[in-house]
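In: Have a look; sequence and predicted model below, questions after that.
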Amino acid sequence: MKPFTVPNEALKQALSKQKRSLIHVAGFSAVINLLMLIPAIYMLQVYDRVLSSSNLDTLLMISLIVAGFFMLMGALEWIRSRVLIGISESFDNDLHARVFDAVYQHQLKAGNANPSQLINDLNQVRQFMTGTAVFAFFDAPWAPLFLLLLFFFHPILGTIALVGTVILFTLALLNEVWAKKPLKASSNATAIATRLASGIINNAEVAHAMGMQHNLQSRWQAQHQASISHQSQASNLSSVLTAISKILRLALQSVILGAGAWLAVDGQITAGMMIAGSIMAGRMLSPVEQLVGAFKQWQSVKLSRQRLDALLHQYPAQEAGLDLPAPNGKLTVENATLIPPMSHTPVLNNINFELNAGEVLAIIGPSGAGKSSIARLITGIWAPRAGKVRLDGADIFQWNKQSLGPHLGYLPQDVGLFAGTIRENIARFGSMDDEAIIKAARLAGVHDMILKLPKGYNTILGEGGMGLSGGEKQRIGLARALYGNPKLVILDEANSNLDDAGEAALAITIKTLKQSGCSVIFITHRASILGLSDKILLLNKGNMQAFGPRENVLGAMQQAKQSHRGVAA
(Lines give C-alpha, C1' and ligand atoms only; values in the text may rest on other atoms or scores of the structure.)
Protein backbone atom coordinates (compact mmCIF):
# COMPACT_ATOMS: atom_id res chain seq x y z
CA MET A 1 0.00 0.00 0.00
CA LYS A 2 1.60 3.26 -1.15
CA PRO A 3 1.60 6.35 1.04
CA PHE A 4 -0.61 9.27 0.13
CA THR A 5 0.49 10.76 -3.22
CA VAL A 6 -1.17 13.15 -5.65
CA PRO A 7 -0.01 13.93 -9.20
CA ASN A 8 -2.04 17.08 -9.89
CA GLU A 9 -0.10 20.34 -9.82
CA ALA A 10 -2.67 22.15 -7.67
CA LEU A 11 -2.75 19.28 -5.17
CA LYS A 12 1.05 19.01 -5.25
CA GLN A 13 1.40 22.69 -4.44
CA ALA A 14 -1.11 22.41 -1.59
CA LEU A 15 0.85 19.51 -0.10
CA SER A 16 4.29 21.00 -0.75
CA LYS A 17 3.35 23.93 1.48
CA GLN A 18 2.96 21.40 4.31
CA LYS A 19 6.45 19.86 3.95
CA ARG A 20 7.84 21.51 7.05
CA SER A 21 4.82 20.50 9.12
CA LEU A 22 5.02 16.94 7.80
CA ILE A 23 8.71 16.85 8.75
CA HIS A 24 7.68 17.92 12.26
CA VAL A 25 5.11 15.11 12.36
CA ALA A 26 7.79 12.66 11.26
CA GLY A 27 10.07 13.96 14.02
CA PHE A 28 7.37 13.59 16.66
CA SER A 29 6.66 10.10 15.33
CA ALA A 30 10.34 9.18 15.69
CA VAL A 31 10.44 10.27 19.33
CA ILE A 32 7.09 8.59 20.07
CA ASN A 33 8.27 5.30 18.59
CA LEU A 34 11.49 5.46 20.54
CA LEU A 35 9.44 6.08 23.68
CA MET A 36 7.44 2.97 22.78
CA LEU A 37 10.51 1.05 23.93
CA ILE A 38 9.88 2.25 27.48
CA PRO A 39 7.28 -0.44 28.39
CA ALA A 40 9.63 -3.16 27.17
CA ILE A 41 12.59 -1.65 29.06
CA TYR A 42 10.40 -1.28 32.15
CA MET A 43 9.46 -4.98 32.05
CA LEU A 44 13.12 -5.91 31.60
CA GLN A 45 14.02 -3.96 34.72
CA VAL A 46 11.10 -5.33 36.75
CA TYR A 47 11.75 -8.97 35.90
CA ASP A 48 15.53 -8.94 35.78
CA ARG A 49 16.37 -6.47 38.57
CA VAL A 50 13.41 -5.81 40.88
CA LEU A 51 12.12 -9.36 41.23
CA SER A 52 15.60 -10.80 41.58
CA SER A 53 16.66 -8.22 44.21
CA SER A 54 13.26 -7.59 45.87
CA ASN A 55 14.28 -3.92 46.01
CA LEU A 56 11.10 -1.81 46.19
CA ASP A 57 13.05 1.47 46.04
CA THR A 58 14.31 0.49 42.61
CA LEU A 59 10.74 -0.37 41.54
CA LEU A 60 9.50 3.04 42.76
CA MET A 61 12.26 4.96 40.97
CA ILE A 62 11.91 3.23 37.62
CA SER A 63 8.11 3.47 37.89
CA LEU A 64 8.35 7.25 38.40
CA ILE A 65 10.76 7.57 35.48
CA VAL A 66 8.46 5.51 33.23
CA ALA A 67 5.44 7.61 34.31
CA GLY A 68 7.30 10.74 33.23
CA PHE A 69 8.12 9.22 29.87
CA PHE A 70 4.47 8.20 29.40
CA MET A 71 3.38 11.78 30.10
CA LEU A 72 5.89 13.02 27.54
CA MET A 73 4.65 10.46 25.01
CA GLY A 74 1.04 11.51 25.58
CA ALA A 75 1.97 15.18 25.08
CA LEU A 76 3.79 14.35 21.86
CA GLU A 77 0.82 12.31 20.59
CA TRP A 78 -1.46 15.29 21.25
CA ILE A 79 0.94 17.69 19.52
CA ARG A 80 1.27 15.34 16.55
CA SER A 81 -2.52 15.18 16.22
CA ARG A 82 -2.80 18.95 16.43
CA VAL A 83 -0.16 19.42 13.72
CA LEU A 84 -1.98 16.98 11.42
CA ILE A 85 -5.26 18.81 12.02
CA GLY A 86 -3.51 22.06 11.11
CA ILE A 87 -2.10 20.45 7.95
CA SER A 88 -5.56 19.25 6.88
CA GLU A 89 -7.11 22.68 7.54
CA SER A 90 -4.38 24.46 5.58
CA PHE A 91 -4.69 21.90 2.75
CA ASP A 92 -8.44 22.54 2.60
CA ASN A 93 -7.98 26.32 2.71
CA ASP A 94 -5.60 26.13 -0.25
CA LEU A 95 -7.93 23.98 -2.36
CA HIS A 96 -11.59 24.45 -1.45
CA ALA A 97 -12.06 27.61 -3.56
CA ARG A 98 -10.13 26.02 -6.44
CA VAL A 99 -12.25 22.85 -6.29
CA PHE A 100 -15.49 24.84 -6.06
CA ASP A 101 -14.47 26.87 -9.11
CA ALA A 102 -13.64 23.69 -11.06
CA VAL A 103 -17.01 22.13 -10.13
CA TYR A 104 -18.70 25.39 -11.14
CA GLN A 105 -16.92 25.38 -14.53
CA HIS A 106 -17.75 21.69 -15.00
CA GLN A 107 -21.44 22.39 -14.46
CA LEU A 108 -21.36 25.32 -16.91
CA LYS A 109 -19.58 23.38 -19.64
CA ALA A 110 -20.76 19.81 -19.12
CA GLY A 111 -24.02 20.31 -17.25
CA ASN A 112 -23.86 16.93 -15.52
CA ALA A 113 -21.78 17.66 -12.43
CA ASN A 114 -22.46 15.97 -9.12
CA PRO A 115 -21.42 18.89 -6.87
CA SER A 116 -22.03 17.17 -3.55
CA GLN A 117 -19.88 14.18 -4.58
CA LEU A 118 -17.03 16.28 -5.98
CA ILE A 119 -16.89 18.64 -3.00
CA ASN A 120 -17.20 15.69 -0.63
CA ASP A 121 -14.11 14.21 -2.31
CA LEU A 122 -12.04 17.09 -0.93
CA ASN A 123 -13.58 16.60 2.51
CA GLN A 124 -12.74 12.90 2.41
CA VAL A 125 -9.11 13.58 1.52
CA ARG A 126 -8.88 16.20 4.28
CA GLN A 127 -10.41 13.89 6.89
CA PHE A 128 -8.07 11.07 5.89
CA MET A 129 -5.12 13.32 6.71
CA THR A 130 -6.19 13.42 10.37
CA GLY A 131 -7.19 9.75 10.72
CA THR A 132 -5.47 6.82 12.38
CA ALA A 133 -4.29 5.47 9.01
CA VAL A 134 -1.90 8.42 8.67
CA PHE A 135 -0.36 7.59 12.07
CA ALA A 136 0.19 4.06 10.78
CA PHE A 137 2.10 5.44 7.77
CA PHE A 138 4.39 7.41 10.09
CA ASP A 139 4.80 4.54 12.58
CA ALA A 140 5.31 1.66 10.15
CA PRO A 141 8.88 2.73 9.14
CA TRP A 142 9.95 2.17 12.75
CA ALA A 143 8.88 -1.48 12.73
CA PRO A 144 12.41 -2.61 11.63
CA LEU A 145 13.83 -1.12 14.85
CA PHE A 146 11.64 -3.39 16.99
CA LEU A 147 12.41 -6.32 14.70
CA LEU A 148 16.15 -5.66 15.07
CA LEU A 149 15.82 -5.65 18.88
CA LEU A 150 13.93 -8.96 18.75
CA PHE A 151 16.78 -10.47 16.74
CA PHE A 152 19.14 -9.02 19.34
CA PHE A 153 17.19 -10.81 22.09
CA HIS A 154 17.28 -14.06 20.11
CA PRO A 155 17.20 -14.99 16.38
CA ILE A 156 14.19 -17.26 16.92
CA LEU A 157 12.09 -14.36 18.28
CA GLY A 158 13.17 -12.14 15.37
CA THR A 159 12.40 -14.83 12.80
CA ILE A 160 8.89 -15.42 14.18
CA ALA A 161 8.18 -11.67 14.09
CA LEU A 162 9.60 -11.33 10.57
CA VAL A 163 7.46 -14.18 9.21
CA GLY A 164 4.38 -12.68 10.87
CA THR A 165 5.10 -9.26 9.37
CA VAL A 166 5.48 -10.74 5.88
CA ILE A 167 2.14 -12.54 6.26
CA LEU A 168 0.40 -9.33 7.39
CA PHE A 169 1.84 -7.37 4.45
CA THR A 170 0.72 -10.13 2.10
CA LEU A 171 -2.81 -9.87 3.51
CA ALA A 172 -2.70 -6.09 2.96
CA LEU A 173 -1.71 -6.58 -0.70
CA LEU A 174 -4.44 -9.18 -1.19
CA ASN A 175 -6.91 -6.76 0.34
CA GLU A 176 -5.89 -4.10 -2.16
CA VAL A 177 -6.07 -6.42 -5.17
CA TRP A 178 -9.35 -8.14 -4.29
CA ALA A 179 -11.35 -5.14 -3.10
CA LYS A 180 -10.15 -2.50 -5.58
CA LYS A 181 -12.57 -3.37 -8.39
CA PRO A 182 -15.79 -3.67 -6.31
CA LEU A 183 -14.97 -0.46 -4.44
CA LYS A 184 -14.57 1.44 -7.70
CA ALA A 185 -17.78 -0.04 -9.07
CA SER A 186 -19.58 0.91 -5.85
CA SER A 187 -18.29 4.48 -6.07
CA ASN A 188 -19.50 4.84 -9.67
CA ALA A 189 -22.91 3.36 -8.89
CA THR A 190 -23.27 5.64 -5.86
CA ALA A 191 -22.54 8.72 -7.99
CA ILE A 192 -25.16 7.68 -10.56
CA ALA A 193 -27.73 6.92 -7.83
CA THR A 194 -27.09 10.31 -6.20
CA ARG A 195 -27.66 12.15 -9.49
CA LEU A 196 -30.85 10.17 -10.12
CA ALA A 197 -32.20 10.91 -6.65
CA SER A 198 -31.40 14.61 -7.00
CA GLY A 199 -33.17 14.81 -10.37
CA ILE A 200 -36.24 12.95 -9.09
CA ILE A 201 -36.57 15.11 -5.99
CA ASN A 202 -36.05 18.36 -7.94
CA ASN A 203 -38.88 17.34 -10.28
CA ALA A 204 -41.12 15.82 -7.62
CA GLU A 205 -44.20 17.80 -8.70
CA VAL A 206 -44.11 16.41 -12.24
CA ALA A 207 -43.46 12.88 -10.99
CA HIS A 208 -46.28 13.06 -8.47
CA ALA A 209 -48.82 14.59 -10.85
CA MET A 210 -48.29 11.93 -13.52
CA GLY A 211 -47.80 8.94 -11.22
CA MET A 212 -44.13 8.51 -12.13
CA GLN A 213 -42.79 8.14 -8.60
CA HIS A 214 -42.81 4.33 -8.54
CA ASN A 215 -41.07 4.02 -11.93
CA LEU A 216 -38.44 6.60 -11.09
CA GLN A 217 -37.94 5.14 -7.63
CA SER A 218 -37.41 1.69 -9.15
CA ARG A 219 -34.80 3.14 -11.45
CA TRP A 220 -33.01 4.75 -8.52
CA GLN A 221 -33.25 1.58 -6.44
CA ALA A 222 -31.55 -0.42 -9.19
CA GLN A 223 -28.49 1.83 -9.01
CA HIS A 224 -28.66 2.01 -5.22
CA GLN A 225 -28.78 -1.77 -4.93
CA ALA A 226 -25.84 -2.06 -7.33
CA SER A 227 -23.87 0.32 -5.11
CA ILE A 228 -24.77 -1.63 -1.97
CA SER A 229 -23.95 -4.94 -3.64
CA HIS A 230 -20.48 -3.85 -4.71
CA GLN A 231 -19.91 -2.17 -1.34
CA SER A 232 -20.91 -5.36 0.49
CA GLN A 233 -18.61 -7.43 -1.70
CA ALA A 234 -15.66 -5.17 -0.90
CA SER A 235 -16.59 -4.98 2.79
CA ASN A 236 -16.89 -8.76 3.07
CA LEU A 237 -13.44 -9.26 1.59
CA SER A 238 -11.97 -6.51 3.74
CA SER A 239 -13.63 -7.73 6.95
CA VAL A 240 -12.35 -11.28 6.43
CA LEU A 241 -8.77 -10.12 5.86
CA THR A 242 -8.97 -7.60 8.72
CA ALA A 243 -10.22 -10.30 11.12
CA ILE A 244 -7.45 -12.66 10.00
CA SER A 245 -4.88 -9.88 10.49
CA LYS A 246 -6.12 -9.12 14.00
CA ILE A 247 -6.17 -12.76 15.08
CA LEU A 248 -2.77 -13.33 13.48
CA ARG A 249 -1.24 -10.41 15.36
CA LEU A 250 -2.57 -11.64 18.69
CA ALA A 251 -1.48 -15.19 17.87
CA LEU A 252 2.02 -13.99 16.94
CA GLN A 253 2.35 -12.18 20.26
CA SER A 254 1.35 -15.37 22.06
CA VAL A 255 3.73 -17.45 19.93
CA ILE A 256 6.58 -15.04 20.70
CA LEU A 257 5.65 -15.14 24.38
CA GLY A 258 5.61 -18.95 24.32
CA ALA A 259 8.87 -19.13 22.41
CA GLY A 260 10.35 -16.61 24.84
CA ALA A 261 9.21 -18.74 27.78
CA TRP A 262 10.82 -21.83 26.22
CA LEU A 263 14.07 -19.90 25.62
CA ALA A 264 13.98 -18.47 29.16
CA VAL A 265 13.49 -21.92 30.67
CA ASP A 266 16.36 -23.14 28.52
CA GLY A 267 18.46 -20.27 29.86
CA GLN A 268 19.05 -18.62 26.50
CA ILE A 269 17.26 -15.37 27.45
CA THR A 270 16.04 -13.80 30.67
CA ALA A 271 12.43 -13.67 31.86
CA GLY A 272 12.46 -9.90 31.25
CA MET A 273 13.46 -10.44 27.63
CA MET A 274 10.56 -12.87 27.26
CA ILE A 275 8.01 -10.23 28.35
CA ALA A 276 9.76 -7.34 26.59
CA GLY A 277 9.93 -9.36 23.36
CA SER A 278 6.17 -9.91 23.41
CA ILE A 279 5.57 -6.18 23.97
CA MET A 280 7.93 -5.17 21.15
CA ALA A 281 6.36 -7.69 18.77
CA GLY A 282 2.92 -6.21 19.46
CA ARG A 283 4.24 -2.70 18.84
CA MET A 284 5.96 -3.76 15.61
CA LEU A 285 2.86 -5.49 14.23
CA SER A 286 0.35 -2.83 15.33
CA PRO A 287 0.92 -0.28 12.50
CA VAL A 288 0.94 -3.10 9.96
CA GLU A 289 -2.44 -4.28 11.24
CA GLN A 290 -3.72 -0.68 11.15
CA LEU A 291 -2.70 -0.39 7.50
CA VAL A 292 -4.66 -3.56 6.69
CA GLY A 293 -7.70 -2.28 8.59
CA ALA A 294 -7.49 1.18 6.97
CA PHE A 295 -7.36 -0.23 3.47
CA LYS A 296 -11.05 0.34 2.72
CA GLN A 297 -10.76 3.98 3.77
CA TRP A 298 -7.54 4.34 1.79
CA GLN A 299 -9.15 2.98 -1.38
CA SER A 300 -12.08 5.41 -1.02
CA VAL A 301 -9.67 8.29 -0.51
CA LYS A 302 -7.64 7.20 -3.53
CA LEU A 303 -10.77 7.25 -5.71
CA SER A 304 -11.65 10.69 -4.33
CA ARG A 305 -8.14 11.91 -5.11
CA GLN A 306 -8.36 10.53 -8.66
CA ARG A 307 -11.68 12.34 -9.24
CA LEU A 308 -10.21 15.58 -7.88
CA ASP A 309 -7.13 15.10 -10.01
CA ALA A 310 -9.20 14.61 -13.17
CA LEU A 311 -11.43 17.56 -12.33
CA LEU A 312 -8.56 19.98 -11.68
CA HIS A 313 -6.70 18.80 -14.78
CA GLN A 314 -9.80 19.29 -16.94
CA TYR A 315 -10.58 22.72 -15.51
CA PRO A 316 -7.34 24.56 -14.68
CA ALA A 317 -7.44 27.85 -12.80
CA GLN A 318 -8.79 30.58 -15.04
CA GLU A 319 -7.02 33.82 -15.69
CA ALA A 320 -8.78 36.71 -14.03
CA GLY A 321 -9.07 38.77 -17.23
CA LEU A 322 -8.83 42.55 -17.49
CA ASP A 323 -10.69 45.19 -15.53
CA LEU A 324 -11.68 47.14 -18.62
CA PRO A 325 -13.59 50.43 -18.45
CA ALA A 326 -17.34 50.22 -17.92
CA PRO A 327 -18.99 49.34 -21.26
CA ASN A 328 -21.50 51.51 -23.12
CA GLY A 329 -23.39 48.48 -24.39
CA LYS A 330 -22.34 48.13 -28.03
CA LEU A 331 -22.45 44.43 -28.91
CA THR A 332 -20.79 42.82 -31.93
CA VAL A 333 -21.01 39.14 -32.82
CA GLU A 334 -18.47 38.25 -35.49
CA ASN A 335 -18.94 35.04 -37.50
CA ALA A 336 -19.62 33.02 -34.35
CA THR A 337 -20.06 29.27 -34.47
CA LEU A 338 -21.14 27.55 -31.28
CA ILE A 339 -20.86 23.88 -30.35
CA PRO A 340 -22.30 23.20 -26.88
CA PRO A 341 -20.20 21.33 -24.31
CA MET A 342 -20.43 17.54 -24.56
CA SER A 343 -21.67 17.88 -28.15
CA HIS A 344 -20.11 17.68 -31.61
CA THR A 345 -22.87 19.40 -33.56
CA PRO A 346 -23.01 23.18 -34.00
CA VAL A 347 -26.18 24.85 -32.73
CA LEU A 348 -25.19 28.24 -34.16
CA ASN A 349 -23.47 28.73 -37.51
CA ASN A 350 -21.62 31.84 -38.62
CA ILE A 351 -23.72 34.32 -36.61
CA ASN A 352 -22.84 37.88 -37.49
CA PHE A 353 -24.63 41.03 -36.27
CA GLU A 354 -24.12 44.31 -34.44
CA LEU A 355 -26.21 46.11 -31.83
CA ASN A 356 -25.47 49.71 -30.97
CA ALA A 357 -25.65 51.03 -27.41
CA GLY A 358 -29.23 51.77 -26.41
CA GLU A 359 -30.82 49.64 -29.14
CA VAL A 360 -33.35 46.86 -28.58
CA LEU A 361 -32.97 43.56 -30.43
CA ALA A 362 -35.64 40.86 -30.63
CA ILE A 363 -34.46 37.32 -31.39
CA ILE A 364 -37.17 35.11 -32.83
CA GLY A 365 -37.44 31.72 -34.46
CA PRO A 366 -39.03 28.30 -34.02
CA SER A 367 -38.19 25.93 -31.18
CA GLY A 368 -34.69 24.52 -31.55
CA ALA A 369 -33.54 27.47 -33.65
CA GLY A 370 -30.72 28.28 -31.21
CA LYS A 371 -32.25 31.27 -29.43
CA SER A 372 -31.28 30.26 -25.88
CA SER A 373 -27.88 29.16 -27.17
CA ILE A 374 -27.20 32.64 -28.52
CA ALA A 375 -28.09 34.07 -25.09
CA ARG A 376 -25.47 31.77 -23.52
CA LEU A 377 -22.99 32.83 -26.19
CA ILE A 378 -23.51 36.56 -25.60
CA THR A 379 -23.29 36.28 -21.82
CA GLY A 380 -20.07 34.26 -22.00
CA ILE A 381 -21.50 31.08 -20.52
CA TRP A 382 -20.43 29.12 -23.60
CA ALA A 383 -17.41 30.08 -25.68
CA PRO A 384 -17.69 30.07 -29.49
CA ARG A 385 -15.79 27.41 -31.41
CA ALA A 386 -15.04 30.09 -34.00
CA GLY A 387 -15.61 33.83 -34.19
CA LYS A 388 -15.85 36.48 -31.49
CA VAL A 389 -18.36 38.17 -29.23
CA ARG A 390 -17.31 41.73 -28.48
CA LEU A 391 -18.62 44.28 -26.03
CA ASP A 392 -17.46 47.80 -26.82
CA GLY A 393 -14.87 46.25 -29.11
CA ALA A 394 -13.31 43.93 -26.50
CA ASP A 395 -13.64 40.15 -26.67
CA ILE A 396 -16.10 39.32 -23.89
CA PHE A 397 -13.76 36.57 -22.67
CA GLN A 398 -11.01 39.13 -22.06
CA TRP A 399 -13.07 40.79 -19.37
CA ASN A 400 -12.72 40.00 -15.70
CA LYS A 401 -16.06 38.25 -15.15
CA GLN A 402 -16.48 39.69 -11.67
CA SER A 403 -16.02 43.25 -12.93
CA LEU A 404 -18.12 42.69 -16.08
CA GLY A 405 -20.98 40.93 -14.26
CA PRO A 406 -22.54 44.09 -12.75
CA HIS A 407 -22.77 45.61 -16.24
CA LEU A 408 -24.72 42.62 -17.58
CA GLY A 409 -28.28 41.58 -16.80
CA TYR A 410 -29.45 38.08 -17.70
CA LEU A 411 -32.82 36.42 -17.24
CA PRO A 412 -32.73 32.79 -18.44
CA GLN A 413 -35.80 30.66 -19.13
CA ASP A 414 -35.14 28.77 -15.91
CA VAL A 415 -34.96 31.80 -13.65
CA GLY A 416 -32.72 30.10 -11.08
CA LEU A 417 -33.41 31.94 -7.83
CA PHE A 418 -31.32 30.89 -4.84
CA ALA A 419 -32.13 30.01 -1.25
CA GLY A 420 -32.12 33.29 0.67
CA THR A 421 -34.20 36.45 0.97
CA ILE A 422 -35.77 38.27 -1.96
CA ARG A 423 -33.54 41.21 -1.05
CA GLU A 424 -30.41 39.06 -1.33
CA ASN A 425 -31.54 37.54 -4.64
CA ILE A 426 -32.18 40.91 -6.26
CA ALA A 427 -28.83 42.24 -5.00
CA ARG A 428 -27.11 39.18 -6.50
CA PHE A 429 -25.94 38.22 -2.99
CA GLY A 430 -23.48 41.10 -3.00
CA SER A 431 -23.37 44.27 -0.94
CA MET A 432 -26.85 45.43 -0.02
CA ASP A 433 -27.82 48.77 -1.55
CA ASP A 434 -31.46 49.13 -0.54
CA GLU A 435 -32.04 52.08 -2.85
CA ALA A 436 -30.70 50.13 -5.85
CA ILE A 437 -32.71 47.03 -4.83
CA ILE A 438 -35.97 48.95 -4.71
CA LYS A 439 -35.13 50.77 -7.96
CA ALA A 440 -34.59 47.44 -9.74
CA ALA A 441 -37.80 46.01 -8.26
CA ARG A 442 -39.81 49.05 -9.36
CA LEU A 443 -38.30 48.88 -12.85
CA ALA A 444 -39.28 45.20 -13.06
CA GLY A 445 -42.78 46.02 -11.84
CA VAL A 446 -42.49 43.72 -8.83
CA HIS A 447 -42.09 46.20 -5.95
CA ASP A 448 -45.77 46.25 -4.96
CA MET A 449 -46.02 42.47 -5.13
CA ILE A 450 -43.03 42.10 -2.82
CA LEU A 451 -44.48 44.55 -0.30
CA LYS A 452 -47.62 42.39 -0.02
CA LEU A 453 -45.59 39.39 1.11
CA PRO A 454 -45.58 38.79 4.93
CA LYS A 455 -41.92 39.82 5.31
CA GLY A 456 -41.59 41.94 2.19
CA TYR A 457 -38.07 42.07 0.83
CA ASN A 458 -36.89 39.88 3.73
CA THR A 459 -39.15 37.00 2.64
CA ILE A 460 -37.03 33.86 2.61
CA LEU A 461 -37.17 31.79 -0.58
CA GLY A 462 -36.46 28.10 -0.86
CA GLU A 463 -34.05 26.63 -3.39
CA GLY A 464 -35.11 27.63 -6.92
CA GLY A 465 -37.49 30.28 -5.56
CA MET A 466 -39.76 27.75 -3.88
CA GLY A 467 -42.81 29.50 -2.47
CA LEU A 468 -43.41 31.76 -5.46
CA SER A 469 -45.47 31.30 -8.61
CA GLY A 470 -43.78 31.05 -11.99
CA GLY A 471 -44.68 34.65 -12.86
CA GLU A 472 -43.46 35.96 -9.49
CA LYS A 473 -40.14 34.14 -9.86
CA GLN A 474 -39.73 35.51 -13.36
CA ARG A 475 -40.35 39.10 -12.27
CA ILE A 476 -37.96 38.84 -9.30
CA GLY A 477 -35.41 37.31 -11.69
CA LEU A 478 -35.98 40.31 -13.95
CA ALA A 479 -35.36 42.67 -11.00
CA ARG A 480 -32.08 40.82 -10.35
CA ALA A 481 -31.11 41.24 -14.01
CA LEU A 482 -31.79 45.01 -13.76
CA TYR A 483 -29.95 45.56 -10.48
CA GLY A 484 -27.09 48.02 -10.62
CA ASN A 485 -27.99 49.76 -13.92
CA PRO A 486 -26.48 47.23 -16.36
CA LYS A 487 -25.52 48.34 -19.87
CA LEU A 488 -26.56 45.11 -21.62
CA VAL A 489 -29.63 43.11 -20.63
CA ILE A 490 -30.50 39.71 -22.16
CA LEU A 491 -34.02 38.39 -21.52
CA ASP A 492 -34.78 34.81 -22.57
CA GLU A 493 -38.56 34.35 -22.81
CA ALA A 494 -39.08 36.94 -20.07
CA ASN A 495 -42.84 37.00 -20.74
CA SER A 496 -43.42 33.25 -20.88
CA ASN A 497 -45.04 33.13 -17.42
CA LEU A 498 -46.53 36.61 -17.38
CA ASP A 499 -50.19 37.57 -17.65
CA ASP A 500 -51.35 40.60 -19.63
CA ALA A 501 -50.56 42.97 -16.76
CA GLY A 502 -47.11 41.44 -16.36
CA GLU A 503 -46.41 41.72 -20.07
CA ALA A 504 -47.49 45.35 -20.04
CA ALA A 505 -45.09 45.97 -17.13
CA LEU A 506 -42.34 44.23 -19.10
CA ALA A 507 -42.97 46.53 -22.06
CA ILE A 508 -42.60 49.56 -19.80
CA THR A 509 -39.37 48.09 -18.42
CA ILE A 510 -37.86 47.64 -21.89
CA LYS A 511 -38.83 51.18 -22.91
CA THR A 512 -37.28 52.59 -19.73
CA LEU A 513 -34.05 50.63 -20.30
CA LYS A 514 -33.83 51.91 -23.87
CA GLN A 515 -34.34 55.49 -22.71
CA SER A 516 -31.53 55.10 -20.19
CA GLY A 517 -29.12 54.00 -22.94
CA CYS A 518 -29.11 50.30 -22.00
CA SER A 519 -28.90 47.77 -24.84
CA VAL A 520 -31.61 45.13 -24.59
CA ILE A 521 -31.88 41.72 -26.23
CA PHE A 522 -35.08 39.81 -25.70
CA ILE A 523 -35.97 36.35 -26.97
CA THR A 524 -39.64 35.71 -27.51
CA HIS A 525 -42.28 33.60 -29.24
CA ARG A 526 -44.92 36.30 -28.82
CA ALA A 527 -45.44 38.83 -31.60
CA SER A 528 -47.14 41.24 -29.18
CA ILE A 529 -43.89 42.78 -27.92
CA LEU A 530 -41.96 42.83 -31.20
CA GLY A 531 -43.00 46.44 -31.62
CA LEU A 532 -40.59 47.34 -28.80
CA SER A 533 -37.57 46.28 -30.83
CA ASP A 534 -35.34 48.36 -33.09
CA LYS A 535 -33.89 45.30 -34.81
CA ILE A 536 -34.91 41.69 -35.25
CA LEU A 537 -32.74 38.61 -35.64
CA LEU A 538 -34.53 35.61 -37.15
CA LEU A 539 -32.92 32.23 -36.46
CA ASN A 540 -33.75 28.84 -37.91
CA LYS A 541 -31.80 25.66 -37.15
CA GLY A 542 -28.86 27.69 -35.89
CA ASN A 543 -28.60 29.88 -38.97
CA MET A 544 -29.40 33.56 -39.48
CA GLN A 545 -32.34 33.84 -41.84
CA ALA A 546 -32.76 37.58 -41.42
CA PHE A 547 -31.34 40.48 -39.48
CA GLY A 548 -32.00 44.18 -39.66
CA PRO A 549 -34.44 46.95 -38.71
CA ARG A 550 -37.76 45.68 -37.37
CA GLU A 551 -39.87 46.92 -40.32
CA ASN A 552 -37.56 45.32 -42.89
CA VAL A 553 -37.46 41.90 -41.21
CA LEU A 554 -41.18 41.79 -40.46
CA GLY A 555 -41.92 42.94 -44.03
CA ALA A 556 -39.69 40.22 -45.47
CA MET A 557 -41.36 37.62 -43.23
CA GLN A 558 -44.80 38.78 -44.40
CA GLN A 559 -43.78 38.57 -48.05
CA ALA A 560 -42.37 35.09 -47.48
CA LYS A 561 -45.66 33.97 -45.94
CA GLN A 562 -47.65 35.36 -48.84
CA SER A 563 -45.36 33.70 -51.36
CA HIS A 564 -45.71 30.41 -49.51
CA ARG A 565 -49.51 30.71 -49.59
CA GLY A 566 -49.40 31.46 -53.29
CA VAL A 567 -47.31 28.39 -53.99
CA ALA A 568 -49.60 26.24 -51.83
CA ALA A 569 -52.66 27.54 -53.67
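Out: Structure's in. What do you need?

In: any idea how far Leu250 is from Gln221?
Out: Distance of Gln221 to Leu250, given as Cβ to Cβ, to the nearest Å: 41 Å. (Glycine included, C-beta is placed from N, CA and C.)

In: can you check Lys181 too?
Out: Per Cβ to Cβ, Lys181 is found 30 Å from Leu250.

In: Can you pull the phi and psi angles for Gly542?
Out: Phi and psi for Gly542, reported as degrees, to the nearest 10, are phi 80, psi 0.

In: Run a quick neighbour tally on the closest residue to it other than its chain neighbours.
Out: Excluding the flanking residues, the one nearest Gly542 by Cβ to Cβ, 6 or more residues apart in numbering is Gly370, at 4.3 Å. For Gly370, the neighbour count with other Cβ atoms under 10 Å is 24.

In: show me the contacts for Gly370.
Out: Taking Cβ atoms under 8 Å, 6 or more residues apart in numbering, we find Gly370 in contact with 338, 347-348, 539, 541-542.

In: quick one, phi psi at it?
Out: The phi and psi values for Gly370, taken as degrees, to the nearest 10, are phi 110, psi 20.

In: which residues does the residue nearest the centre of the chain contact?
Out: Central residue of the chain (Cα atoms, centre = their mean): Ile119, 2.4 Å from the mean position. By Cβ under 8 Å, 6+ apart, Ile119 lies in contact with 99-100, 103.

In: Closest one to Leu461 out of those, please.
Out: Phe100 (22.2 Å; Cβ to Cβ).

In: How about the secondary structure of the closest one?
Out: At Phe100 the chain is in helix, as set by DSSP: H, G, I helix; E, B strand; the rest coil.

In: Any figure for the gap between the spatially closest residue to it that is not a sequence neighbour and Gly464?
Out: The shortest distance from Phe100 to any non-neighbouring residue, by Cβ to Cβ, 6+ apart, is to Ile119 (6.9 Å). Per Cβ to Cβ, Ile119 is found 19 Å from Gly464.

In: what does Ile450 give?
Out: For Ile450, the distance to Gly464 (Cβ to Cβ) stands at 18 Å.

In: The two: which is more packed in?
Out: Remark: of Ile450 and Gly464, Ile450 carries more neighbours, 23 against 15, as counted by other Cβ under 10 Å.

In: So that one is in contact with Gly456, correct?
Out: Yes: taking contacts as Cβ atoms under 8 Å, Ile450 lies within contact range of Gly456: 5.9 Å.

In: Common neighbours of those two, please.
Out: Here Ile450 and Gly456 share the contacting residues Ile422, scored by Cβ under 8 Å, 6+ apart.

In: all helices of the stretch 351-500 of the chain, in order?
Out: 371-379, 401-404, 422-426, 434-443, 447-451, 470-482, 500-515 (DSSP state H, counting those that start in this stretch).

In: Ok, which of those comes nearest Lys19?
Out: Nearest to Lys19 among the helices of the stretch 351-500 of the chain is helix 401-404; the distance by Cβ to Cβ comes to 32.9 Å.

In: roughly how far out does the closest one sit from the chain middle?
Out: For helix 401-404, the separation from the chain centroid amounts to 23 Å (computed by Cα atoms, centre = their mean, to the nearest Å).

In: same thing with stretch 174-181?
Out: Distance of stretch 174-181 from its chain centroid, counting by Cα atoms, centre = their mean, is 27 Å.

In: where does the stretch 51-200 of the chain dip in pLDDT?
Out: 110-116, 131, 176, 179, 198-199 (pLDDT under 70).
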